[in-house]
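Student: Predicted structure and sequence below. I'll ask about it afterward.
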Amino acid sequence: MAVNLQKGQRVDLTKSDGSALRRVMVGLGWDEAKKAGNGLLGGIFGGKKEHDIDCDATVFLCSGGKLKGRDDIVYFGNLEHMSGCVKHMGDNLTGEGEGDDEQIFVDLSRLPAQYDKIIFVVNIYKARERSQHFGMIQNAFIRIADDDTHKELFRYNLSENYDGLTAMVFGEIYLRSGQWRFNAIGQATKDNSIEELARRFM
């Protein structure tokens, strides 16, 4: 069973035998919250929503704890980091379906030495223009799995009220005393784009 984390909890990314994880899969998921009027009568009387909620997962690779430039951003428009050690598996436009909506694979064993923090964020595409926010989303989570064994190790379920907020710092993997650790952050913001989020970490 995976360990369920609380907000702000920090854990070592080690296997049960004490060895360090080499490759991890970071899964992010969310569902659109169900609303009254979305059923049959809602469809008949014009209750259908104008846009699906399109959440985009992004990775910031930091050196010295800071994001240095555009080349260190992995997202739907740049699915693989130039090092080849971080790969985004593509964009989910609606959040429909069970399990992970977006997955990111990180090879910690081959990551260049200058990188000491990897931040995972999600923002709603065109949130302001579409009048959408994280209060319209439910069942959001981030989870860490051992990519060598496919075993889920840690999961953090985001359960707070995020009405009016349009982006989220889900969590981070960071290096401390030569050991990779994970921090469950769950910090919501009003950033409307990847660029706005990126400026927080530069």
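Tutor: Structure's in. What do you need? Numbers count the residues shown, from 1 in each chain.
Student: who's in contact with the residue lying closest to L67 once chain neighbours are set aside?
Tutor: Spatial nearest neighbour of L67, chain neighbours left out: F201 (4.2 Å); criterion: C-beta to C-beta, 6 or more residues apart in numbering. In this view, the C-beta of every residue, glycine as well, is placed from N, C-alpha and C. Neighbouring residues of F201 by C-beta atoms under 8 Å, 6 or more residues apart in numbering: 60, 62, 66-67, 119.
Student: which one of the residues you listed is nearest L79?
Tutor: F60 (14.8 Å; C-beta to C-beta).
Student: Put the alpha carbons of the helix or strand where the closest one lies into CSV.
Tutor: Using DSSP states H and E, F60 maps to strand 55-63. In CSV, the C-alpha atoms belonging to strand 55-63 read as follows (Å, rounded to 0.1, in the frame of the first residue of the first chain):
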residue,chain,number,x,y,z
CYS,A,55,-5.6,21.3,-16.7
ASP,A,56,-1.9,21.3,-17.8
ALA,A,57,0.9,19.6,-15.8
THR,A,58,4.3,21.3,-16.0
VAL,A,59,7.7,20.5,-14.6
PHE,A,60,10.3,23.1,-13.5
LEU,A,61,13.9,21.8,-13.2
CYS,A,62,15.8,24.0,-10.8
SER,A,63,19.5,24.6,-10.2
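Student: Pull out the buried positions in it.
Tutor: Residues of strand 55-63 classed as buried by neighbour count (16 or more other C-beta atoms under 10 Å): 55-62.
Student: next one: stretch 78-90
Tutor: Buried-residue list, stretch 78-90, by 16+ other C-beta under 10 Å: 81, 85-88.
Student: which of those residues sit farthest apart?
Tutor: Farthest pair in the buried residues of stretch 78-90, by C-beta to C-beta: C85 and H88, 12.0 Å.
Student: gap between the strand holding F60 and the chain center?
Tutor: 8 Å (C-alpha atoms, centre = their mean, to the nearest Å).
Student: outside of the helix or strand that it is followed by, which residues touch it?
Tutor: The first helix or strand that comes after strand 55-63 along the chain, using DSSP H and E, is strand 66-67. Strand 66-67 is contacted by residues 60-61, 73, 119, 198, 201-202 when judged by C-beta under 8 Å, 6+ apart.
Student: Need the max-distance pair from these.
Tutor: The widest separation within the contacts of strand 66-67 (C-beta to C-beta) is 12.4 Å, between L61 and M202.
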